[in-house]
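Asker: need a 3D model of the sequence below.
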Amino acid sequence: MDKLNRVIGCLIGGACGDALGYIIEFDKIKKIKKIYGTQGITDFELTNGRALVSDDTQMTLFTAAGILMAKKKKIEYSTSIWNAYKDWYYTQTKNNKYRPFTELYNIESLHKRRAPGNTCISVLQIFSSKGTIERPANLSKGCGGIMRVAPVGCIELGNTTYANGWLGAEVAALTHGHPLGYIPAGFFADLVHRIITCEEDKDLEHLIMDSIDETVAAFENCRSVKYFESIIKKAIELSKTEQDDLNGIVKLGKGWVAEETAAIAVYSCLRYPDEFKKAMICAVNHNGDSDSTGSVAGNILGAYLGDGAVESAFDVKALDQYETILQIAEQLDRL
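Answerer: Residues are numbered from 1 along each chain as shown. Sure thing, here's the model as predicted:
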């Protein structure tokens with residue numbers, strides 16, 4: 001499988017998980033099963049023929065646009081991505097005098113409000129408040145940092161160990177300042193990069209373990225990294241049990257915070273490492289942040305299985321922003 005298949009699989013896969021979970025994001029599992037049956041939601045629910053995506057996919061696209069602009073303008077990645085996030089902020093709040101940084105801003109359908117995260121909005125409305133790992137913008141560990149950084153794992157950043165992981169953490173820290181707000185994003189970006197560049201015979205659990213080991217080493221001076229390591233390893237062990245899918249997720253959390261989002265995604269992907277659709281159904285049918293857990297799981301398993309597996313599982317052409325996602329993926333692959 002070539003890199004482009006994995007990059008497309010990553011971004012389209014994330015949008016599939018996002019779209020599947022978005023429609024039930026604020027619902028309890030009892031209500032979900034009452035509406036959709038005992039398995040919960042299992043396929044896209046279309047609105048005017050489209051499977052709507054949330055702010056997760058919107059911000060993922062703006063992350064990618066920021067990366068592309070950094071290469072074009074030869075500026076620092078985190079600065080360029082911050083400027084791209086300003087574009088996203090103004091798609092949500094409207095300002096006719098605003099001069100956009102990226103071409104994505106001109107896509108009118110990206111101006112739809114799809115439950116934008118309060119933390120991202122509150123930080124971005126004050127442009128001088130850009131956070132860093134050293135100077136955090138706040139103490140938020142919400143999942144708004146992790147759910148948008150998959151494109152960071154889709155590019156080459158040289159031979160430096162954990163380069164993609166560090167950038168993923170820095171990008172999350174722009175808006176989420178708690179270590180558990182950006183460390184999971186570092187792990188996620190590193191994992192996506194490992195998957196996209198891995199040899200065909202490397203199994204997913206080994207890739208996840210390699211990534212968690214490197215994440216622990218990178219953040220060894222931060223106490224929070226040990227807790228993050230423990231919840232990821234718990235997710236791995238739970239994925240091997242015979243219990244019902246939901247029972248395992250309940251033991252990991254609800255996904256509103258980044259470490260739980262990562263853990264639920266890992267659990268779902270390892271539960272069904274060769275079955276994209278079953279993994280997405282597992283990832284979204286619970287009492288928590290269904291679109292974010294679905295999005296991150298979709299990015300991971302979509303990259304691992306490739307675009308063909310994603311297209312076999314869902315009607316991807318029904319996805320809101322499908323054409324834009326494909327264009328962005330192809331541009332990232334050429335970097």
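Asker: where does the prediction get shaky in this structure?
Answerer: Applying pLDDT under 70 to the chain flags the ranges 127-128.
Asker: how near is the nearest residue to Lys251 once chain neighbours are set aside to Val310?
Answerer: Nearest residue to Lys251, sequence neighbours excluded (C-beta to C-beta, 6 or more residues apart in numbering): Leu238, at 6.2 Å. Every C-beta, even on glycine, is put in place using the N, C-alpha and C of the backbone. Note on Leu238: its distance to Val310, by C-beta to C-beta, to the nearest Å, is 25 Å.
Asker: just want to know which of these two has more residues nearby.
Answerer: Remark: of Leu238 and Val310, Val310 carries more neighbours, 28 against 21, as counted by other C-beta atoms under 10 Å.
Asker: okay, the host helix or strand of the more buried one in PDB with CA atoms only?
Answerer: Assigning secondary structure by DSSP states H and E places Val310 in helix 307-313. Extracted in PDB, the C-alpha atoms of helix 307-313 (Å, rounded to 0.1, in the frame of the first residue of the first chain):
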ATOM      1  CA  ASP A 307      -8.700   4.200   1.700                       C
ATOM      2  CA  GLY A 308     -10.100   1.000   0.100                       C
ATOM      3  CA  ALA A 309     -11.200  -0.400   3.400                       C
ATOM      4  CA  VAL A 310     -12.900   2.900   4.300                       C
ATOM      5  CA  GLU A 311     -14.700   3.100   1.000                       C
ATOM      6  CA  SER A 312     -15.900  -0.500   1.400                       C
ATOM      7  CA  ALA A 313     -17.400   0.300   4.800                       C
END
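Asker: who touches that helix?
Answerer: 5-6, 8-9, 12-13, 16, 276-277, 280, 298, 302, 316 (C-beta atoms under 8 Å, 6 or more residues apart in numbering).
Asker: ok, stretch 208-224 next?
Answerer: By C-beta under 8 Å, 6+ apart, stretch 208-224 touches 161-162, 165-166, 169, 178-180, 183, 186-187, 190-191, 194, 225-226, 228-229, 232-233, 236, 266, 270.
Asker: show me which of those residues are buried.
Answerer: 162, 165-166, 169, 178-180, 183, 186-187, 190-191, 194, 225, 228-229, 232, 236, 266, 270 (16 or more other C-beta atoms under 10 Å).
Asker: next, count neighbours for the closest residue to Ile8 other than its chain neighbours.
Answerer: Once flanking residues are discounted, Ile8 sits nearest to Asp307: 4.1 Å by C-beta to C-beta, 6+ apart. Asp307 has 23 neighbours, counted by other C-beta under 10 Å.
Asker: can you give me the helices for the stretch 51-200 of the chain?
Answerer: 55-73, 77-93, 118-124, 163-173, 179-197 (DSSP state H, counting those that start in this stretch).
Asker: export those to a markdown table and tack on distance to Arg135?
Answerer: Output for these, formatted as a markdown table (distance: least, C-beta to C-beta, whole Å):
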| stretch | distance to Arg135 |
| --- | --- |
| helix 55-73 | 20 |
| helix 77-93 | 13 |
| helix 118-124 | 13 |
| helix 163-173 | 9 |
| helix 179-197 | 13 |
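Asker: please work out which of these is packed deepest.
Answerer: helix 179-197 (a mean of 29; mean count of other C-beta atoms under 10 Å).
Asker: buried residues, the next helix-or-strand element following it. List them.
Answerer: Of the helices and strands lying after helix 179-197 in sequence (DSSP H and E), the nearest is helix 204-218. For helix 204-218, burial by neighbour count (16+ other C-beta under 10 Å) applies to 204, 207-208, 211-212, 214-216, 218.
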